[in-house]
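A.B. asks: build me a model from this:
(2 chains)
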Amino acid sequence: MADRRPDGDGSRAKRQKIDMDPQANPYLAHMYEDSSNNGYGNGYANGYGSSSRPNGSPNGSSLSGFKRHASTMAQAHAAEDGPNNPFNGTPLSPRYFGILKTRRGLPVHAQRDEFLQMYQKTQILVFVGETGSGKTTQIPQFVLFDDLPHFQNKMVACTQPRRVAAMSVAQRVAQEMDVTLGEEVGYSIRFEDKTSQKTMLKYMTDGMLLREAMNDHNLQRYSTIILDEAHERTLATDILMGLLKEVAIRRPDLKIVIMSATLDAQKFQRYFNDAPLLAVPGRTHPVEIFYTPEPERDYVEAALRTVLQIHATEPEGDILLFLTGEEEIEDACRKISLEADEMIREADAGPLKVYPLYGTLPPAQQQRIFDPAPPPRTPDGRPGRKVIVSTNIAETSLTIDGIVYVVDPGFSKQKVYNPRIRVESLLVSPISKASAQQRAGRAGRTRPGKCFRLYTEAAFKKELIEQTYPEILRSNLASTVLELKKLGIDDLVHFDLMDPPAPETLIRALEELNYLACLDDDGELTALGRMASEFPLDPSLAVMLISSPEFYCSNEILSLTSLLSVPQVFVRPASARKRADEMKDLFAHPDGDHLTMLNVYHAFKSAAAQDNPKQWCHDHFQSYRALQQADNVRLQLKRIMERSEVELVSTPFEDKKYYENIRRALVAGFFMQVAKRDGSGKSYLTVKDNQNVLLHPSTVLGQDSEWVVYNEFVLTTKNYIRTVTAVKPEWLIDIAPTYYDLSTFQKGDMKASLLRVADKMRRKEALKGGSRK
DNA sequence: GAGCACTGC
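C.D. replies: Numbering: from 1, shown residues only, chains lettered A, B, ... in the order given. As a prediction, this is how the structure comes out:
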C-alpha cells in the first residue's frame, strides 16, 4: 500500500501571504452557535511526532475494520467516538467531543446511513440540502470514512464557488476533525495552496479544480469529487459537470456527489443519467411572504416607504433591503436616514441605523453591518433597529444574522452578453423565483420573519423565470472555449453541457480565438493557444503578454496586464472628485489610459511610495487594495512566464520608443478592440462591428486621437469605450494582418482610410527596397 | 462628463 510520507514541511508547496484571513472573516454561515474560533491553530500541533503516526495502512488504527465502500454508520460512529483520532491516531481533544455533539444534531446526520448506502451503490449522486442542513461540512466527512482516500493515495475534493468559503469551511472541518488545517484537511485557492502530503480532504474553488483538470484530464488524484453549491451554476461548475460526466466513464472508480440547495434537483438528476437523489431538510424558521396588491411604478420609492413602514409598525428586528447598485444604495441610505430622523423627532420612533453594503465597499465599512442595532434612546423607549441596504452580495456570499424583515423589490444587476456586437454589459433585470426565495430566506435565519415583495403575487407566478440563467449563457466564451480545448474536448458542439450556449456565442468565441492565433483554421489548439491557456487571463490579455517580448516591453506589459485584471485603481469619492481628478492628472500620459495606469504602478512601486504605501495611495487617490492585488497577480503571471520561457525585457526608459513599444504591444492583443474617430466630432466607430461609441469621460485622452485601442465596452446611458490609448493605423495592418485584411472590410470611411494607409506603407516599402539596390 | 451586481483562475 502506498506510503504518503515523507510529510516534512520541506515538501509542502510554498505559499504566499494574501489579505484574506478566515479567522477574521465574519461571513461564516457554517459556524454553529457553539463554535469558538479563538486560539485555534496551535496548541496541539506539537504534541505528537509524525513518526508515530499510523500511516499507509488501516492496521492498528480505529479504521482497521472498515471495508472500503462497504462501511456503516455504526462503524463510523465508533471510530468518531475515539479515544484516538481515526485519521492520525492522536488523542482527541475535549473540544472535539463538544463539537461532535453539535454535529450529530445536524439535519444531515439523521440521514447518514441512507447517504452511505446510496453513495456506495452508485457512481454519481445528487444531494439536496437546504441552508442549515450541514451538508458542506458533514457530507465530505461522511465520504472520508467510507472512501478512505488516504489508503488509495488519493484525496476527496469539495468545490466551492468562492474563495472565502473554501478557506473558512476547510478551517471549520479541520476543527471538527481535530486536525491542523493544511494537514489532513486543507484548501486550495488561487495564490494559496494550504495542503500537504497528508491531505485527504481538500476544499477548493471550482475554478481551481478546473485549472487542475487542464493538466490532468482524468483528475487522477481524487477518489471522490464533491461539487458544492451546484445550483449557483458558475461557469466553472458548469464546465466541471460536463467534464465529470465524461471522466466518470473513463474512471469507473471515481465517485461524484453533486450538492445543490434548490428544488431544481431533477434537472441535475436528469443531466447525470437519472442519478439517485437524496434530499435533507434544512433548519430555518418560517418566513411569511407579503405581496403588493398593485404593481409599483418606482421600486426604489416603494422600497423606502416599506422600510419606514416596518420601522413604524413592526416589532423589534433588523431589516434587509435589496437594491441593485452602489449609487442607488447610497442614495437610498441617505433618504432613509433623513426620514427616520424626522420620525424620531415627530413620532418618537426608535433609533434607526442605516448601513450600505456592496462589493466595492472597503472591508472596514463592510464590517459595520455586523454592529448591533442601536439601543433605545431612553431605558423604556422604543427599541432601535438597523437597516442594511445591499446588492445581491447579501443573497449568497454573505450572511447576516438577526435579520427579521426582508424588503425585495425584485431586481438585480445582471451580466448579459450580446454575441452580435461582442459586448458584455450589466443590466438591471427582474430576479428569478429562486432568487426571490433565497432573499426571503434571509429573514428566517434566527427566528420567524417576514418578506415584503414589492411586486404582485401574479407577477411572481407568471413573470419571474424559475432560475437565473446560468453564467455560461450570459458570457463571452472566448476563454471558456480555450479552456475546453486545453481540457482535451475537441468536439465543442457535442460536449454535453447542462445548458448549451447559443451557437452564435460559440462561433464568436472560435472566431476570436482564431484571429488571436490561439486556434488554427481547423479549430485546433496552436502552440500560442496552448501557452495562452496556461495564463489565468482573457485570451487577448494572454496573447498580448506572450507577444510582448517582440516589442521589447514584456516587463511593462506584465505590469499592465496585472492592472487590467484587477478592479479599477483610481479612486474617486463623491466628496472629493475634483482633488481625485487633479491627482490623476499627475500620472496622465498624453497617449492614453493604459500608459497612465502604468505610470501609477511605477510610482506606487517607487521607493518613496513603498515607504508607506497605504498612505501614498490615500494621498494620491489610488486603491491600495487594487494595487496590492495587481502586485499579487503580477507575481503569479511572472512565474508562468518564466515556466513558459517568455522573456522579460524592457526598452530603456530614455529610449524614445519606450512608450511606443508598449502601445504597439497593446495592438498585438487588442487589435479587435479598435475604434476610429468618425469625422471631426466626438463620436467613434468600432472596427468591423461598426458600433457608434464615445470615449468614456474618465479618459485622459483628448479628442484628437484618430485611432484608439480600448480595453472595455461599457453600455450605460450611452455606448462608451473605457481605458483607451492612441495607436497608429500602420501598426494595425502590420501587427494583425489577418484581421486587417482589407478585402474583408465593409465599404466606407474606415476601409477607405485603411486603404490609404496601406498604400502609403507599400510606397515606403518600395522606396526602401529601391534604395537597397 | 460617467458610476463597477457578484464570482473565479
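
A.B. asks: buried sites along the top helix by length along chain A?
C.D. replies: Counting residues, the longest helix in chain A under DSSP state H turns out to be helix A:749-772. By neighbour count on 16 or more other CB atoms under 10 Å, the buried set for helix A:749-772 is A:Met750, A:Leu754, A:Val757, A:Ala758. Using the backbone N, CA and C atoms, a C-beta is placed for each residue, glycine as well.

A.B. asks: what residues does the stretch 551-700 of chain A put near DNA strand B?
C.D. replies: Residues of the stretch 551-700 of chain A found near DNA strand B (CB under 7 Å from any atom of the strand) are A:Ser565, A:Gln568, A:Arg572, A:Ala574, A:Arg577, A:Asp581, A:His696, A:Pro697, A:Ser698.

A.B. asks: can you say which of those residues are buried?
C.D. replies: Buried members of those, scored by 16+ other CB under 10 Å, are A:Ser565, A:Arg572, A:His696, A:Ser698.

A.B. asks: where along the stretch 351-500 of chain A do the helices fall?
C.D. replies: Using DSSP state H, counting those that start in this stretch, the helices assigned to the stretch 351-500 of chain A run over residues A:363-367, A:433-441, A:457-462, A:478-486.

A.B. asks: which of those sits most buried?
C.D. replies: Highest mean neighbour count among the helices of the stretch 351-500 of chain A (mean count of other CB atoms under 10 Å): helix A:478-486, with a mean of 23.

A.B. asks: would you mark the buried spots in stretch A:321-341?
C.D. replies: A:321-324, A:328-333, A:335-336, A:339-340.

A.B. asks: tally of neighbours for the residue lying closest to A:Thr738 once chain neighbours are set aside?
C.D. replies: In space, A:Thr738 comes closest to A:Tyr515 once its chain neighbours are excluded; the distance is 6.5 Å by CB to CB, 6 or more residues apart in numbering. Residues lying near A:Tyr515 (other CB atoms under 10 Å) number 17.

A.B. asks: what does stretch A:97-109 contact?
C.D. replies: Contact partners of stretch A:97-109, identified using CB atoms under 8 Å, 6 or more residues apart in numbering, comprise A:32, A:34-35, A:80-82, A:115, A:129, A:132-135, A:137-139, A:142, A:175-176, A:280-283.

A.B. asks: ah, wrong one, I meant stretch A:349-358
C.D. replies: Counting by CB under 8 Å, 6+ apart, A:311-312, A:325-326, A:329-330, A:333, A:336-337, A:340, A:343-344, A:365-366, A:368-369, A:371, A:373-377, A:381-391, A:393-394, A:398 sit against stretch A:349-358.

A.B. asks: try stretch A:584-592
C.D. replies: By CB under 8 Å, 6+ apart, the residues outside stretch A:584-592 that reach it are A:570, A:595-596, A:598-600, A:603, A:620-621, A:659, A:663, A:699-702, A:705, A:708, A:724-726.

A.B. asks: export stretch A:127-141 as CSV, just CAs?
C.D. replies: Extracted C-alpha coordinates of stretch A:127-141, given in CSV (Å, rounded to 0.1, in the frame of the first residue of the first chain):
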residue,chain,number,x,y,z
PHE,A,127,-27.7,15.6,-2.8
VAL,A,128,-30.1,18.3,-2.0
GLY,A,129,-29.7,20.0,1.4
GLU,A,130,-31.3,23.4,2.2
THR,A,131,-29.5,26.0,4.2
GLY,A,132,-28.6,24.9,7.7
SER,A,133,-28.6,21.2,6.9
GLY,A,134,-24.8,21.0,7.5
LYS,A,135,-24.1,19.4,4.1
THR,A,136,-21.0,21.4,3.3
THR,A,137,-19.2,20.4,6.4
GLN,A,138,-20.6,16.9,7.1
ILE,A,139,-21.0,15.2,3.7
PRO,A,140,-17.3,15.3,2.9
GLN,A,141,-16.6,13.7,6.3
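
A.B. asks: quick one: contacts for whatever residue of the stretch 451-600 of chain A ends up closest to DNA strand B?
C.D. replies: Ranking the residues of the stretch 451-600 of chain A by distance to DNA strand B (CB to the nearest atom of the strand) places A:Pro536 first, at 2.9 Å. Taking CB under 8 Å, 6+ apart, we find A:Pro536 in contact with A:Arg190, A:Arg211, A:Gln636, A:Leu637.

A.B. asks: A:Ile507: which of the residues you listed is nearest?
C.D. replies: Within the set of the contacts of A:Pro536, A:Arg211 lies nearest A:Ile507; the separation is 25.9 Å, counting by CB to CB.

A.B. asks: now that closest one: phi and psi?
C.D. replies: With angles defined as degrees, to the nearest 10, A:Arg211 sits at phi -60, psi -50.

A.B. asks: spatially nearest residue to it, not counting backbone neighbours?
C.D. replies: In space, and not counting its chain neighbours, A:Arg211 is closest to A:Pro536: 7.4 Å by CB to CB, 6+ apart.

A.B. asks: assign a three-state SS to that neighbour, would you?
C.D. replies: Secondary structure for A:Pro536, judged by DSSP: H, G, I helix; E, B strand; the rest coil, is coil.

A.B. asks: repeat for A:Val128
C.D. replies: Quick answer, by three-state DSSP: A:Val128 is strand.

A.B. asks: that one and A:Asp264 touch, don't they?
C.D. replies: No. Under the criterion of CB atoms under 8 Å, A:Val128 is not in contact with A:Asp264, lying 9.0 Å apart.

A.B. asks: so which of the two has more stuff around it?
C.D. replies: Shown here are A:Val128 and A:Asp264; by other CB under 10 Å, A:Val128 has more neighbours (25 against 16).
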